[in-house]
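*Asks:* Predicted model follows, preceded by the sequence.
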Amino acid sequence: MYSNMSDNSEMIDLYSKKILEFAGNIPLTTPLVTFSGTATRRSPMCGSNLQVWITVNGGKITNFSHEVKTCALGQASSAIIAEQIIGLNIDQVKLGRDQLFNMLTKNGPIPQNPFENLEVLLPAVSYKNRHASIMLSFETIIDAYANINKL
């Protein structure tokens with residue numbers, strides 16, 4: 001049996017205790033009965049699935065729910081975003097998405113408040129095949145905004 005110690009230690013870093021804590025404590029998982037917009041996305045790279053429901057009033061998210069069927073990295077990302085999403089407008093969501101993307105792909109800084117906890121995902125920078133799952137929550141929320149007038 002082949003074993004590479006450096007691969008094992010990299011995986012331990014990738015799935016840190018903090019990431020697993022976020023992944024194991026995903027808030028706001030009860031689907032909303034009434035909502036302004038909803039969307040579902042699937043990451044073809046890894047098969048992760050996410051559905052979100054949002055209620056928007058005055059341009060801001062006032063209620064949120066999501067069904068998260070992703071890897072631990074996608075779960076951690078979704079949990080961190082869900083903790084901060086209520087009260088934000090679409091521009092703030094897009095800014096958080098862009099900052100996370102830049103952190104993952106361009107050695108950019110960690111996302112600003114309120115998404116600074118996404119810093120725990122820094123070990124995933126070199127795992128390009130995990131980026132889509134990590135980005136899934138932001139992308140699906142943006143889709144739900146776009147679907148508001150289509151219900």
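*Replies:* On my side now, so go ahead.
*Asks:* I'd say residue 96 and residue 81 touch.
*Replies:* Yes: counting by C-beta atoms under 8 Å, residue 96 does reach residue 81; the two are 7.2 Å apart. The C-beta positions use only the backbone N, C-alpha and C, and glycine is treated the same way.
*Asks:* joint contacts of those two?
*Replies:* Shared contacts of residue 96 and residue 81, defined by C-beta atoms under 8 Å, 6 or more residues apart in numbering, are found at 115, 118, 138.
*Asks:* Let me see the backbone angles for residue 34.
*Replies:* Per-residue torsions, residue 34: phi -120, psi 140 (degrees, to the nearest 10).
*Asks:* Quick check: it touching residue 55?
*Replies:* Yes: Residue 34 is within contact range of residue 55, at 7.1 Å (criterion: C-beta under 8 Å).
*Asks:* Who has more neighbours out of those two?
*Replies:* Neighbours per residue (other C-beta atoms under 10 Å) separate residue 34 from residue 55, with residue 55 holding more: 17 against 7.
*Asks:* Can I get the one helix or strand the more buried one maps to in PDB? Just the C-alpha atoms.
*Replies:* Per DSSP states H and E, residue 55 falls inside strand 49-57. C-alpha atoms of strand 49-57 as PDB (Å, rounded to 0.1, in the frame of the first residue of the first chain):
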ATOM      1  CA  ASN A  49     -25.500  20.800  -4.900                       C
ATOM      2  CA  LEU A  50     -26.900  23.900  -3.200                       C
ATOM      3  CA  GLN A  51     -30.400  25.400  -3.100                       C
ATOM      4  CA  VAL A  52     -31.100  28.800  -1.600                       C
ATOM      5  CA  TRP A  53     -34.200  30.700  -0.700                       C
ATOM      6  CA  ILE A  54     -34.100  34.400   0.000                       C
ATOM      7  CA  THR A  55     -36.500  37.100   1.000                       C
ATOM      8  CA  VAL A  56     -35.600  40.600  -0.100                       C
ATOM      9  CA  ASN A  57     -37.200  43.800   1.200                       C
END
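*Asks:* And for that strand, what's in contact with it?
*Replies:* 31-32, 34-43, 61-70, 74, 78, 136-137, 140-141, 143-145, 148.
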